[in-house]
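Asker: Model the following, please.
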Amino acid sequence: MAIPISNRNFFDNARQVIGFGESLIDLVIENGRFSFALPGGSILNTLVSLARYGASTQLITDFTNDAPGRIISKFLEEENIGSEFLAVYSEGKTALAFAELDLNRNATYSFYKDYPKKRFDNIRPTFSSEKIFIFGSFSSLQENLQPVLSDLLDKAKSAESIIFYDPNIRQHKIDITQPAYNFLLRNFSVADVVRGSDEDFQAVFGTSNADEIFTKIQPSLCKLLIVTSSDKYVELVSGRFSYRMPVPSIKVVSTIGAGDAFNAGLLASIIEQKITIENLENLSEEQTIMMLKMAIDFASEVCASNSNYINKDLSSSAT
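Answerer: Next comes the predicted model:
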């Protein structure tokens, strides 16, 4: 799969993507043996793919000034991820995720975390109608992070930024009970774009039918709901129409980061097509096809590699 990066210098920096989520080291296990390690975290993965494609990004995340944390810090610098809102602690330990691949190359995760009690003090990003805010996964459901997240969501909504939410709960095996369920419903209700896997929505609502899910997350501000179904198809639902696109068959090396890359492709297409919050729910069929195709291309590229992100050298000769 080759992603043409002909627009590497095309993006307007005003259309910056700001992400909020955890950063960690993924330790990948194959056939009962340690295979390789690389920086991860769902939002980090998404922003790296976006930055490699040419988009301006800022990551709101935290880790400790230990060996894994320093690896993440150096990696983010090398990948041109905005570091203005990195919180680096002297206490606790940087999170680790052991990802064990099965025979189908799907990953089962075990997480090891030791965060300090007080996190994300004085985080003050500036939002605007040109910017996009993406959040999700475990960070969006942690009770002690809700004041920080709520403040970010309020500021993004007031500035009319596009808000993008990916629950990404399947890998965490979260017990969907109070208060986590209330946080989930809040997240669904405030996001302009919601993208999740069929497994995510099956765990939350007991259904993977996109039209039923769109109804269940109401009342909400959701303008686009995208449901991915592994290697089968992708469905997009809005208040106006539904659209289904099949996923091409590829040889899968690893599914780690595939959903994150899919999100990056969606966001890259939103930026390239100059889609704003005003016209987000009035997409044409052509715009929808372009958006989903780019998302599938990004995800397919990651699935065909041992990486969490698209290859930065795919089109080094492109202009």
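
Asker: Just the CA atoms of the helix or strand encompassing residue 148, as CSV, please.
Answerer: Per DSSP states H and E: residue 148 is located in helix 146-158. Extracted C-alpha coordinates of helix 146-158, given in CSV (Å, rounded to 0.1, in the frame of the first residue of the first chain):
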residue,chain,number,x,y,z
GLN,A,146,-12.0,14.6,34.0
PRO,A,147,-11.5,18.2,35.2
VAL,A,148,-8.6,18.6,32.7
LEU,A,149,-10.5,16.9,29.8
SER,A,150,-13.7,18.8,30.6
ASP,A,151,-11.8,22.1,30.4
LEU,A,152,-10.2,21.2,27.1
LEU,A,153,-13.6,20.1,25.6
ASP,A,154,-15.3,23.4,26.8
LYS,A,155,-12.5,25.5,25.3
ALA,A,156,-12.6,23.5,22.0
LYS,A,157,-16.4,23.7,21.7
SER,A,158,-16.4,27.4,22.5
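
Asker: Touching, residue 228 and residue 194? I think so.
Answerer: No. Under the criterion of C-beta atoms under 8 Å, residue 228 is not in contact with residue 194, lying 11.6 Å apart. Heads up, the C-betas are built off the backbone N, CA and C, glycines and all.

Asker: So these two - more neighbours on which side?
Answerer: residue 194 (29 against 26; other C-beta atoms under 10 Å).

Asker: Flag every buried residue along the helix or strand where that one lies.
Answerer: Using DSSP H and E, residue 194 sits within strand 193-197. Within strand 193-197, the residues that qualify as buried are 193, 194, 195, 196, 197, counting by 16 or more other C-beta atoms under 10 Å.

Asker: Need the max-distance pair from the residues you listed.
Answerer: Largest separation among the buried residues of strand 193-197 by C-beta to C-beta: 193 and 197, giving 14.9 Å.

Asker: For the helix ranked longest in the chain, enumerate the helices and strands it packs against.
Answerer: In the chain, assigned by DSSP state H, the helix with the most residues is helix 285-303. The contact analysis (3 or more C-beta pairs under 8 Å, 6 or more residues apart in numbering; DSSP states H and E) places helix 285-303 against strand 224-229, strand 233-237, strand 242-246, helix 258-272.

Asker: from the middle of its chain, how far away would it be?
Answerer: 15 Å (C-alpha atoms, centre = their mean, to the nearest Å).

Asker: Which residues outside that helix are in contact with it?
Answerer: Residues from elsewhere that reach helix 285-303, judged by C-beta atoms under 8 Å, 6 or more residues apart in numbering: 1-3, 49, 226, 228, 234, 236, 243, 245, 247-248, 250, 252-266, 268-270, 272-273, 275, 283, 308-311, 314.

Asker: quick one: that helix to helix 258-272, angle?
Answerer: 140 degrees (axes from the mean of the first three to the mean of the last three C-alpha atoms, to 10 degrees).

Asker: Can you point out the buried residues in helix 285-303?
Answerer: So, applying 16+ other C-beta under 10 Å, buried residues of helix 285-303: 288, 291-292, 294-303.

Asker: Check stretch 94-102 too.
Answerer: Those would be 94, 95, 96, 97, 98, 99, 100, 101, for stretch 94-102 by 16+ other C-beta under 10 Å.

Asker: just checking, next helix/strand downstream of whichever strand or helix holds the fifth one?
Answerer: If I follow you right, that is residue 98. If you go by DSSP H and E, residue 98 is part of strand 93-101. Counting by DSSP H and E, the next helix or strand C-terminal to strand 93-101 is strand 107-114.

Asker: So what are the sheet partners of that next one and their directions?
Answerer: In the sheet, strand 107-114 lines up against strand 93-101 (antiparallel) (DSSP bridges).

Asker: and the partner strand, how far from the chain's centre?
Answerer: The answer for strand 93-101 is 17 Å, by C-alpha atoms, centre = their mean.

Asker: swap in stretch 271-290?
Answerer: 19 Å.

Asker: Also stretch 163-172?
Answerer: That offset, for stretch 163-172, works out to 7 Å (C-alpha atoms, centre = their mean).
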